[in-house]
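Provided below are the primary sequence and the corresponding predicted coordinates.
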Amino acid sequence: MDVKILIVEDSAIERMIIKNVLREYCTLTASDGVEAMRMLEEYEGINLLILDLNMPNMNGFQVLEALKNNERYRDLSTIILTNYDELDNEIKGLNLGAVDYIRKPIHMESLKVRINVHITLLRTLQALEKKLDESERSKAVFLSHLPGLAYRCKNDSDWTIEYVSEGCYDLTGYSPKSLLHNRDLSYIDIISPEYRRGLREEWDRVLAIGQEFREEYEIVTASGKKKWVIELGRGIYNVEGEIEALEGVILDISDRKEAEYTLKYNNEHDRWTGLYNRDYLVALLEKDARIKKTSKKALIGINLSMVHLLITNYGFQYAENLIKKIAEALNRHCRENCILFRPREHSFIFYILDYKDKNELIDFSNLVAKTLESLLVTERIGGGIGILELDESLNALDTNLILRRLAIASEISVNLFRKDFEISFYDKEIEDLIDRERDIVQALNRVIEDDNAEDNLFLQYQPIMDLKTDSIFSFEALARLRTEKLGLVSPLEFIPIAEKTKLILPIGEKVIIKAFHFLKELKERGYDEITVSINISIIQLLEPDFASRLLELMGEMDINPKNIGIEITESVFSSDYDFLNSIIEKLMRAGIYIAIDDFGTGYSSLSRERELKADCMKIDKSFVDDLLKKDINKSITGDIISMAHKLGHYTIAEGVEHDFQLQYLREQNCDKVQGHLISKPLNEDDVIEFLKGKGEYSY
């Protein structure tokens, strides 16, 4: 049998896609109902019609009405295309004669499977009609090869079987004789109980209007196993127009149903965790918005973007196994009104219905946070939890915008160095902050791609003075970002963003190269003893090849390691102490000096300080500021200097702005100082002028 399919869809793209999927068959296309009716008139032998309901000029329902009233199209099978969960339209279409429906968005593999089934049924029915016209012997041969059974039964309460083919045993596990005249049981006994009433009502409906019967349902075989079947039947009428019997075929479609279920499951679930995925969440949100549920609805988003740090250290599979463990723990918080989704790689979303108030959402989020913190305590990473309440105004918004706002709320509370989970409700101020962060990320990307971009990364250099000689010992390289849109952006703002997005890796290398160029210029001008210290992020340190790459750049640019210092904040040692200490030791062996920045404010205990591989401790500005606020006898700044010396480190005091501070630091034997009293951060050209004038200025 040659199959000819007419595809009626107003979207040209959808028509092309469906036509391509069904390319093994002869396909025709039409853009609306008017063109479809014309083509049905012009072309003979169209067996199957794929019909969109929502079209201009003549919609799908009008086409179904026209087909129903024309005897010529009695054997034409029509499959309607509906939008997701348009139950009323599906029922209306089936009542008008459609044999099946497929929901949009169309999954093309599922479409192909279902079309193939309908074509198989068409071929079976055509073959059956042909065979029934042949001799009884030929009919028996055909029926013995039918993938199911053929039957004739009375239209009584038990559907008493008058004839059943040999395929009955393969399909049901019962012999034909046991069903014939309902000797041992009736066919209705084999039908799974939940379908019996609906099938009876559907037979009554189609018989009343003279239509053919078509239904899919489950039967229970003699072994107790369930099978999916499709029944295609019709009423047989006598000359008076009364129903004489029912005839039809019942075919096994269990394989098709299993394939459909697998496709549906894969489309709706995350393959790694088994949780519902983003597509299912979007469909559910859109459905609930359409039916306008009055109950309270909220989304709670969990941002685990910091998991990417673990990939660097332990590999992708380690991180994925951790995500699976987290999914299992979070899933235990689900209940009837709370569903968990995994929409993206390192995020989860709870969809909560019928909650009482914001306090209930906060209590639930705190419970989730405790679960996450207990799982991640050994990983030493945290994350963010965002909450978005879905009021009536949000129901009208695009689902992608809703999920973006939720992502904004969860992202704002993520902190690279925090080990807990903060909770944030979405509001407009948060969105403005995220928009600014996005602008900074875009500017950083432009800087990475093009050194000559309007957005500019540049360095300033703040002098560090040796208190024993009153000479300039070093310059700290300080990164600055000037953007076309935002102007000058503080490093306190753009550095954490660069770290969170891992843009710190290419940005950090640019900073290193710029600092090396500056050092070479100093050497060319005769200042070959001055060093330059560069701030290095934990993200850079955790890169497996960081030390090797740094030494490689120094070799390429002919930089003496003794002129380079690396500054690392004390808090980074909370991440992986032994690993980071080994990297520092490697750099020290190469001749680079190491300074621990913001000393006294970070993580390390006194016992750990003894083990730190470092040359210098930089005393945080807060301790220097205290010299102006407290009784000088109560200040611990001198104790910090003394402790650092006993541990074998020299000291640099940061933020020195007043003569009194400088005098105190001299008295406490601080080795070096840095701050506005010595000089503010300088541009490259100003550094040379500063060095020239230094000989004329004493402290």
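Received it, and whenever you're ready, just let me know what you need. Numbering: from 1, shown residues only.

immediately after the helix or strand harbouring Phe473, which helix or strand?
Here Phe473 sits within strand 471-483, counting by DSSP states H and E. Counting by DSSP H and E, the element after strand 471-483 in chain order, helix or strand, is strand 487-489.

got the angle for the following helix or strand past that next one vs strand 471-483?
Going down the chain from strand 487-489, the next helix or strand is helix 491-501, by DSSP H and E. Taking axes from the mean of the first three to the mean of the last three CA atoms, to 10 degrees, one finds helix 491-501 and strand 471-483 inclined to each other by 70 degrees.

orientation of whichever helix or strand comes after helix 491-501 relative to strand 471-483 in degrees?
Next along the chain after helix 491-501, taking DSSP H and E as the criterion, comes helix 504-524. For helix 504-524 against strand 471-483, the angle by the same axes, to 10 degrees is 140 degrees.

hey, where'd the strands end up in the stretch 351-500 of the chain?
In the stretch 351-500 of the chain, the segments counted as strands under DSSP state E, counting those that start in this stretch are 383-389, 421-425, 456-466, 471-483, 487-489.

Distance from the chain centre to the first one, please.
Meaning strand 383-389. Centroid separation between strand 383-389 and its chain, computed with CA atoms, centre = their mean, to the nearest Å, is 15 Å.

What of the longest one?
Counting by CA atoms, centre = their mean, strand 471-483 is centred 39 Å from the centre of its parent chain.

Next: the shortest one.
In terms of CA atoms, centre = their mean, the gap separating the centre of strand 487-489 from the centre of its chain is 32 Å.

which of the residues in that strand are buried?
Going by neighbour count (16 or more other CB atoms under 10 Å), the buried part of strand 487-489 is Val489. The way it works is simple: take the backbone N, C-alpha and C, and place the C-beta from them, glycine included.

any residues touching it, and which ones?
440, 443, 480-483 (CB atoms under 8 Å, 6 or more residues apart in numbering).

Count the residues that sit near the residue nearest to Arg183 when sequence neighbours are not counted.
Once flanking residues are discounted, Arg183 sits nearest to Lys177: 6.4 Å by CB to CB, 6 or more residues apart in numbering. The tally of other residues near Lys177 (other CB atoms under 10 Å) stands at 12.

try Tyr43
Neighbourhood size, Tyr43 [other CB under 10 Å]: 12.

what do you get for Asp631?
Neighbours of Asp631 (other CB under 10 Å): 6.

ranges for the strands of the stretch 151-300 of the chain?
Using DSSP E, counting those that start in this stretch, strands in the stretch 151-300 of the chain cover 161-164, 213-220, 226-237, 243-252, 297-303.

Out of those, flag the one nearest Asp357.
Asp357 lies closest, by CB to CB, to one member of the strands of the stretch 151-300 of the chain: strand 297-303, at 10.4 Å.

who does the closest one pair up with?
strand 347-353 (antiparallel), strand 383-389 (antiparallel) (DSSP bridges).

separation between the residue nearest to Arg183 and Asp189?
15 Å (CB to CB, to the nearest Å).

cool, Lys672 as well?
95 Å.

deepest of the strands paired with strand 297-303, which one?
strand 383-389 (a mean of 24; mean count of other CB atoms under 10 Å).

What average pLDDT does it get?
For strand 383-389, mean pLDDT rounds to 91.

For it, which outside residues touch it?
Against strand 383-389 from outside (CB under 8 Å, 6+ apart): 296-306, 358, 361-362, 365, 368-369, 372, 376, 394, 402, 405-414, 421-426.

and the angle for it with strand 421-425?
20 degrees.

how about strand 383-389 as PDB, C-alpha atoms only?
Presented in PDB, the C-alpha positions along strand 383-389 are these (Å, rounded to 0.1, in the frame of the first residue of the first chain):
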ATOM      1  CA  GLY A 383      25.900  28.700  47.200                       C
ATOM      2  CA  GLY A 384      22.800  30.800  47.000                       C
ATOM      3  CA  ILE A 385      19.100  30.300  47.500                       C
ATOM      4  CA  GLY A 386      16.600  32.600  45.700                       C
ATOM      5  CA  ILE A 387      12.900  32.900  46.300                       C
ATOM      6  CA  LEU A 388      10.400  34.200  43.700                       C
ATOM      7  CA  GLU A 389       6.700  34.400  44.600                       C
END
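
can you offset everything so residue one is 50?
Done: numbering now begins at 50, and the last item shifts to strand 432-438.

re the thing from before, give the buried subset of the contacts of strand 432-438 as a ChimeraX selection command.
To isolate the buried members of the contacts of strand 432-438 in ChimeraX, using 16+ other CB under 10 Å:
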select :345,346,347,348,349,350,351,352,353,354,355,410,414,417,418,421,425,443,451,454,455,456,457,458,459,460,461,462,463,470,471,472,473,475
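
before we move on, the earlier item: pull out the buried residues from the strand holding Phe522.
521-530, 532.

Looking at those residues, spot the one nearest Glu93.
Among the buried residues of strand 520-532, and counting by CB to CB, the member closest to Glu93 is Thr532, at 68.0 Å.

how many neighbours does the closest residue to the closest one other than its chain neighbours have?
Among residues not flanking Thr532 along the chain, Ala492 sits closest, at 4.2 Å (CB to CB, 6+ apart). Around Ala492 there are 24 other residues, counting by other CB under 10 Å.

and the gap between Ala492 and Ile588?
Relative to Ile588, and taking CB to CB, Ala492 is found at 19 Å.

Check Ile521 too.
Remark: distance between Ile521 and Ile588 (CB to CB) = 31 Å.

Next, Ser586: phi, psi?
phi -80, psi 160 (degrees, to the nearest 10).

how deep is it tucked in, by neighbour count?
Neighbour count for Ser586, taken as other CB under 10 Å: 23.

How about Gln509?
18.

mind listing what it touches?
526-527, 529, 730-732.

Swap in 7 Å and give it another go.
527, 529, 730-732 (CB atoms under 7 Å, 6 or more residues apart in numbering).

Please apply the same query to Phe470.
With CB under 7 Å, 6+ apart, Phe470 has these contacts: 418, 421-422, 431-434.

Check whether Gln710 really touches Lys678, as I assumed.
No - using CB atoms under 7 Å, Gln710 is not in contact with Lys678, being 11.3 Å away.

the more surrounded of those two?
Gln710 (22 against 7).

ok but the more buried one is inside a helix, no?
Yes - per DSSP: H, G, I helix; E, B strand; the rest coil, Gln710 lies within a helix segment.

measure it to Ile689 for me?
14 Å.

likewise Tyr325?
54 Å.

now do Ala528
Distance from Ala528 to Ile689, by CB to CB: 27 Å.

centroid residue for the protein?
Nearest residue to the geometric centre of the chain (CA atoms, centre = their mean): Arg393, 1.4 Å.

mind listing what that residue touches?
Arg327.

Okay, and the beta partners of it?
Residues in beta-bridge contact with Arg393 (DSSP bridges): Ser396.

Spell out the residue ranges of the helices in the stretch 550-699 of the chain.
Using DSSP state H, counting those that start in this stretch, the helices of the stretch 550-699 of the chain run over residues 553-573, 587-590, 595-605, 626-638, 655-660, 670-678, 686-695.

mean pLDDT for these: which is lowest?
Among the helices of the stretch 550-699 of the chain, helix 655-660 carries the lowest mean pLDDT, at a mean of 55.

Isn't Leu256 up against Gly290?
No - counting by CB under 7 Å, Leu256 stays clear of Gly290, with 11.5 Å between them.

Comparing those two, which residue is more hemmed in?
Between Leu256 and Gly290, counted using other CB under 10 Å, Leu256 has the larger neighbour count: 17 against 8.

Pull the contacting residues for the closest residue to the more buried one other than its chain neighbours.
Using CB to CB, 6+ apart and skipping residues adjacent in sequence, the residue nearest Leu256 is Gly284, 4.9 Å away. Gly284 is in contact with 256, 292, 295, counting by CB under 7 Å, 6+ apart.
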